[in-house]
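Peer 1: structure here, sequence nowhere to be found:
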């Protein structure tokens, strides 16, 4: 029989928020004098459980001992697997719910040498929704402040950014968001959602790393959804406009791929002239016009049943990925000449 790692979630804050089944399992551990292994002891329920007799060992010291989060996760996994092999069963506790933003849990679930039982927990999401009093029926995204890409965010959906635990992280998040959102966009820093110390601060985006109270490990940044017409720096908005236009614009519905060629040529020539004139504002405008022509072509093609924008993107992404093994696959090139030879070899095989 495989050794077992049981995983429970301590909830988002205080003991009152903890599911009954999880609390019963912890009471069993206390009764059996079983050591519980905590990802972190920096959680509001730990002191309460300690007063009830909980014996625990935390992995907080690992965060200080290694250089990267990847090393933290690997070290915790190695420790848990070793303990499971020695004891046949160990109990591992994490903040919130084990299936929400717990990299160690996800990596353990992929292993074949241990049995992993996720008992349950309660994430902070429900309490955060109540704190900001916003209905998420139109969808939302939950991302990690330490590992998210601004390009993946959908501006017309609400965004929850967890682990904004200090001013440095808040500053990095702010700078990333300001690439898409106005500097004065109103956002909320939610501290200790659902606890007695819950506090919601509605501030402007540019202020999130300047607040007096600061941020800590129970802080989440809530970014409300933008109205469609406000999300100007969004490719999804552009796609939405094109979808509406292709359905309702009489002129465009009469066009063909051939009839649009003169407009594509005109816009391309205007872009070339703007580049030659080194006029940045004009270049931005003309690049937009060329992109709009690309959407014209794909929308007309999709209406006629030839192909779709998604097919164009699929083909382009496959080609870009395939032609850049020196970027994505660790292939070493030491000169432009070597790169050109690699490029030509790849093209031969296409």
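Peer 2: Done, it's in. Note that this is a predicted model, so its numbers are computed, not measured.
Peer 1: so the nearest residue to residue 102 once chain neighbours are set aside bridges to which residues?
Peer 2: Nearest non-adjacent residue to residue 102, counting by Cβ to Cβ, 6 or more residues apart in numbering: residue 94, 5.2 Å away. Placement of C-beta: from N, CA and C, glycine included. Beta-bridge partners for residue 94, by DSSP bridges, are residue 9.
Peer 1: doesn't residue 105 make contact with residue 94?
Peer 2: Yes: if you go by Cβ atoms under 8 Å, residue 94 and residue 105 touch, sitting 6.8 Å apart.
Peer 1: ends of stretch 110-128, what's the gap?
Peer 2: 30 Å (Cα to Cα, to the nearest Å).
Peer 1: state the mean pLDDT of that stretch.
Peer 2: On average, the pLDDT along stretch 110-128 is 92.
Peer 1: got it, and stretch 327-335?
Peer 2: Mean pLDDT, stretch 327-335: 92.
Peer 1: figure out how far it is from the centre of its chain.
Peer 2: Taking Cα atoms, centre = their mean, to the nearest Å, the mean C-alpha location of stretch 327-335 is offset from the chain mean by 28 Å.
Peer 1: quick one: contacts of it?
Peer 2: The contact list for stretch 327-335, computed with Cβ atoms under 8 Å, 6 or more residues apart in numbering, reads 321, 325-326, 339, 342.
Peer 1: mind telling me the two of the residues you listed farthest from one another?
Peer 2: 321 and 339 (16.2 Å; Cβ to Cβ).
Peer 1: show me the domain layout of this protein.
Peer 2: Using the TED database, the domain ranges for the chain come out as 4-122, 126-229, 234-307, 313-349.
Peer 1: quick one: low-confidence residue ranges for the stretch 151-300 of the chain.
Peer 2: Within the stretch 151-300 of the chain, the ranges that satisfy pLDDT under 70 run 211-217.
Peer 1: show me where it has helices.
Peer 2: Counting by DSSP state H, counting those that start in this stretch, the stretch 151-300 of the chain has these helices, from start to end: 167-177, 235-248, 250-253, 261-276, 280-303.
Peer 1: packing partners of the longest one?
Peer 2: So that's helix 280-303. helix 235-248, helix 250-253, helix 261-276, helix 309-322 (3 or more Cβ pairs under 8 Å, 6 or more residues apart in numbering; DSSP states H and E).
Peer 1: and the ones you listed as a markdown table, adding distance to residue 179?
Peer 2: Converted to a markdown table, those look like this (distance: least, Cβ to Cβ, whole Å):
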| stretch | distance to residue 179 |
| --- | --- |
| helix 235-248 | 13 |
| helix 250-253 | 31 |
| helix 261-276 | 23 |
| helix 309-322 | 21 |
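Peer 1: out of those, which gets nearest to residue 221?
Peer 2: Here helix 235-248 is closest among the helices and strands packed on helix 280-303 (Cβ to Cβ), at 21.2 Å.
Peer 1: off-centre distance for the closest one?
Peer 2: On Cα atoms, centre = their mean, the centre of helix 235-248 falls 26 Å from that of its chain.
Peer 1: tell me which residues in that helix are buried?
Peer 2: 237-238, 242, 245-246 (16 or more other Cβ atoms under 10 Å).
Peer 1: ok, stretch 59-78 next?
Peer 2: Under the neighbour-count criterion of 16+ other Cβ under 10 Å, stretch 59-78 has 59, 62-63, 72-73, 75-77 buried.
Peer 1: secondary structure element for the nearest residue to residue 65 once chain neighbours are set aside?
Peer 2: Of all residues not flanking residue 65 in the chain, residue 75 sits nearest, at 7.8 Å (Cβ to Cβ, 6+ apart). Element membership for residue 75 (DSSP states H and E) is helix 69-87.
Peer 1: list of residues touching that helix?
Peer 2: Applying Cβ under 8 Å, 6+ apart, the set of residues contacting helix 69-87 is 3-5, 37, 39, 59, 62-63, 65-66, 90, 92, 103-104, 107-108, 111, 113-114, 146.
Peer 1: just the buried ones among those residues, please.
Peer 2: Among these, those buried by neighbour count (16+ other Cβ under 10 Å) are 3, 5, 37, 39, 59, 62-63, 90, 92, 104, 108, 114.
Peer 1: confidence-wise, which of those residues comes last?
Peer 2: Lowest pLDDT among the buried ones among the contacts of helix 69-87: residue 63, 90.
Peer 1: is it true that that residue lies in a helix?
Peer 2: Yes: checked against DSSP: H, G, I helix; E, B strand; the rest coil, residue 63 lies within a helix.
Peer 1: which residues does it contact?
Peer 2: By Cβ under 8 Å, 6+ apart, the residues touching residue 63 are 40, 72.
Peer 1: likewise residue 225?
Peer 2: Per Cβ under 8 Å, 6+ apart, neighbours of residue 225: 138, 140, 155-158.
Peer 1: from the residues you listed, which land in strands?
Peer 2: In strands, defined here by DSSP state E, the members of these are 140, 158.
Peer 1: how distant is the strand or helix carrying residue 127 from the center of its chain?
Peer 2: For residue 127, the element it lies in under DSSP H and E is helix 125-132. Distance of helix 125-132 from the chain centroid (Cα atoms, centre = their mean) equals 19 Å.
Peer 1: alright, calling it a day.
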